[in-house]
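A.B. asks: heads up, no residue letters with this:
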């Protein structure tokens with residue numbers, strides 16, 4: 001059975017109406033049908049769906065939008081899905097659908113099951129999602145956690161929407177910070193050998209997390225490294241420390257059920273068999289995109305990489321950046337930007353033209369230059385979307401949480417997951433738009449109340465499952481599968497406004513998924529699930545006061561069967577949406 005989207009269905013019906021108008025001479029041949037939309041109206045009182053087709057096509061048709069809207073209205077009013085057509089304002093068309101249209105969407109949701117909401121939006125196109133990419137200098141903290149969850153949920157969403165996704169982690173294993181890591185680990189190595197190293201000097205990493213690295217070095221090398229100059233011991237200690245830190249990162253991510261297919265080493269760009277950064281610069285230079293020159297002094301805000309000297313520059317201003325950018329430092333080494341260009345060149349070289357990078361909010365000033373570089377590298381065919389993830393304020397009962405003793409400077413990701421659980425962490429990290437600061441209260445996310453969104457949504461799924469279990473006690477001879485039940489239930493009985501409100505929410509799911517995937521915004525799924533759960537819980541509550549609205553009605557088998565299909569529709573969508581977010585859908589809550 002093909003995936004079903006009631007809004008896409010109506011979009012096709014509007015196109016067919018437009019085809020009839022072309023045949024009638026109202027619209028010219030070759031009219032563009034790609035730019036109009038069909039979506040829920042802002043005011044539910046205006047109907048079920050609204051389309052701007054007449055506004056979009058009026059100019060090409062050489063007609064006033066309202067005149068064209070009236071022509072469309074005549075065709076759409078005859079459609080078997082449409083109950084009423086209204087024209088609003090200068091030419092918007094509002095559509096009210098027949099209940100049978102919504103019932104058809106519910107039937108599809110139940111029959112499709114886990115496939116409901118899937119689409120071919122991506123048409124198999126490859127997408128690279130790079131996320132987390134934390135420096136391997138210590139444990140992952142709660143800020144990394146938000147980027148990790150966001151990137152993973154986005155990858156799930158894109159896969160569900162027909163893209164071929166590669167999940168990638170860029171290992172920052174080059175540069176000064178990993179040498180500081182090595183010197184910090186060397187101190188712990190000496191400590192493991194029995195030496196009193198005293199207080200950790202300023203400028204080194206002080207956390208206890210490097211003690212196991214020191215112990216591993218002592219076990220492997222004995223005291224041999226202490227007899228070597230730094231230039232000799234540094235590479236071995238650095239490699240060991242990075243390997244152990246990345247193993248810890250993988251373990252921390254596994255606690256969130258996050259895995260990456262690719263771990264790409266920054267160090268490999270320069271210290272591999274080929275200097276790939278230099279090769280990328282040469283490639284750009286051959287195309288006139290790298291030159292030797294001087295940057296003018298900044299007129300407004302200071303530019304952090306400005307130097308008054310002749311230097312190697314990339315023409316990023318030709319691709320939308322504010323100024324051209326240096327590729328080499330005064331000592332001849334490459335800038336971070338040069339390495340990042342080479343890294344993104346590698347991604348594009350793998351045949352990927354849609355790149356998504358998840359960065360911390362403090363990297364906002366770096367976006368324009370990287371987007372310029374990707375445009376240059378891809379010849380205009382590649383696109384980079386950067387999603388910034390804002391800070392997480394960790395609270396307990398409204399009070400800021402103190403720093404971790406183990407990490408030294410922050411609260412670790414693992415400590416948070418261990419305290420409140422994977423589901424609470426993942427859902428709440430997505431229950432706010434990625435570019436807004438998030439208050440994460442460790443006390444509130446484990447409350448069993450409507451004020452705790454993850455509980456409220458999971459409770460909705462658990463409640464739906466309890467209905468589906470308990471009905472067998474009243475009607476033990478019901479059909480064994482919901483596919484069979486859909487075929488025997490009289491779904492026209494779902495005519496109460498409360499029934500139809502819930503059906504409409506279920507029918508909205510494929511459109512929400514597609515819109516969230518197109519915008520790269522997984523938080524839309526979390527918001528939608530909360531709305532669906534709220535509608536379901538409200539229905540349940542109304543049934544307590546109004547017996548005819550209960551899901552199981554002892555003396556009315558026909559209505560019970562219809563309501564069971566409705567409940568299964570809710571369960572299907574809640575389970576699907578929670579899976580996209582990487583959150584479990586429990587069958588019962590304890």
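C.D. replies: Happy to help now that I have it. Keep in mind the model is a prediction, meaning the values are calculated, not measured.

A.B. asks: CA only for contacts and neighbour counts going forward, please
C.D. replies: OK.

A.B. asks: Give me the distance between stretch 378-391 and the centre of its chain.
C.D. replies: Distance of stretch 378-391 from the chain centroid (C-alpha atoms, centre = their mean, to the nearest Å) equals 14 Å.

A.B. asks: what's the span of it, first residue to last?
C.D. replies: Terminal residues of stretch 378-391 are spaced 32 Å apart (C-alpha to C-alpha, to the nearest Å).

A.B. asks: Contacts for it, please.
C.D. replies: 143, 146-147, 348, 352-361, 363-364, 367, 370-371, 374-375, 434-438 (C-alpha atoms under 8 Å, 6 or more residues apart in numbering).

A.B. asks: For the residue lying closest to residue 572 once chain neighbours are set aside, give its distance to residue 223.
C.D. replies: Setting aside the residues directly before and after it, residue 572 is nearest to residue 113 in space (C-alpha to C-alpha, 6 or more residues apart in numbering), at 5.9 Å. For residue 113, the distance to residue 223 equals 62 Å [C-alpha to C-alpha].

A.B. asks: Tell me which stretches of the stretch 301-450 of the chain form strands.
C.D. replies: Using DSSP state E, counting those that start in this stretch, the strands found in the stretch 301-450 of the chain span residues 311-314, 325-326, 354-360, 383-389, 392-396, 399-400, 438-441.

A.B. asks: Which strands or helices does the third one pack on?
C.D. replies: If I follow you right, that is strand 354-360. Where contact means 3 or more C-alpha pairs under 8 Å, 6 or more residues apart in numbering; DSSP states H and E, strand 354-360 is packed against strand 126-130, helix 142-160, strand 383-389.

A.B. asks: Indicate each strand paired with the first one and its parallel or antiparallel sense.
C.D. replies: Looking at strand 126-130 with DSSP bridges, its paired strands and their directions are strand 164-171 (parallel), strand 354-360 (parallel).

A.B. asks: For stretch 350-367, measure first residue to last.
C.D. replies: Terminal-residue distance, stretch 350-367 (C-alpha to C-alpha): 22 Å.

A.B. asks: Show me the contact partners of that stretch.
C.D. replies: Counting by C-alpha under 8 Å, 6+ apart, 126-132, 147, 151, 378, 381-391, 435 sit against stretch 350-367.

A.B. asks: List only those of those residues flagged as buried.
C.D. replies: The neighbour-count test (16 or more other C-alpha atoms under 10 Å) applied to the contacts of stretch 350-367 identifies 126-132, 147, 151, 378, 382-384, 386-391 as buried.

A.B. asks: ok, which stretches of the stretch 301-450 of the chain are helices?
C.D. replies: 336-349, 367-377, 413-420, 422-429 (DSSP state H, counting those that start in this stretch).

A.B. asks: Adding distance to residue 234, write the ones you listed out as JSON lines.
C.D. replies: Output for these, formatted as JSON lines (distance: least, C-alpha to C-alpha, whole Å):
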{"stretch": "helix 336-349", "distance to residue 234": "22"}
{"stretch": "helix 367-377", "distance to residue 234": "32"}
{"stretch": "helix 413-420", "distance to residue 234": "29"}
{"stretch": "helix 422-429", "distance to residue 234": "37"}
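
A.B. asks: Quick one: closest of those to residue 9.
C.D. replies: Among the helices of the stretch 301-450 of the chain, the nearest to residue 9 by C-alpha to C-alpha is helix 422-429 (31.0 Å).

A.B. asks: and that closest one, what other elements does it pack with?
C.D. replies: Checking 3+ C-alpha pairs under 8 Å, 6+ apart, helix 422-429 ends up next to helix 142-160, strand 438-441, helix 453-474.

A.B. asks: circling back: ok, of the contacts of stretch 378-391, which come out buried?
C.D. replies: Among these, those buried by neighbour count (16+ other C-alpha under 10 Å) are 143, 146-147, 348, 352-361, 367, 370-371, 374-375, 434, 438.

A.B. asks: What residue, apart from its backbone neighbours, is nearest the residue nearest the centre of the chain spatially?
C.D. replies: What sits nearest the mean C-alpha location of the chain, by C-alpha atoms, centre = their mean, is residue 154, with 2.5 Å. Nearest residue to residue 154, sequence neighbours excluded (C-alpha to C-alpha, 6+ apart): residue 522, at 5.6 Å.

A.B. asks: okay but the one you found is in contact with residue 153, surely?
C.D. replies: Yes - under the criterion of C-alpha atoms under 8 Å, residue 522 makes contact with residue 153 at 6.3 Å.

A.B. asks: can you pull the buried residues of the helix or strand hosting residue 219?
C.D. replies: Following DSSP states H and E, one finds residue 219 within helix 211-221. Of all the residues in helix 211-221, those buried under the rule 16+ other C-alpha under 10 Å are 211, 212, 213, 214, 215, 216, 217, 218.

A.B. asks: Format the strands paired with strand 126-130 as a markdown table; extra columns: distance to residue 452 and mean pLDDT.
C.D. replies: Converted to a markdown table, those look like this (distance: least, C-alpha to C-alpha, whole Å; pLDDT from 0 to 100):
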| stretch | distance to residue 452 | mean pLDDT |
| --- | --- | --- |
| strand 164-171 | 30 | 98 |
| strand 354-360 | 26 | 97 |
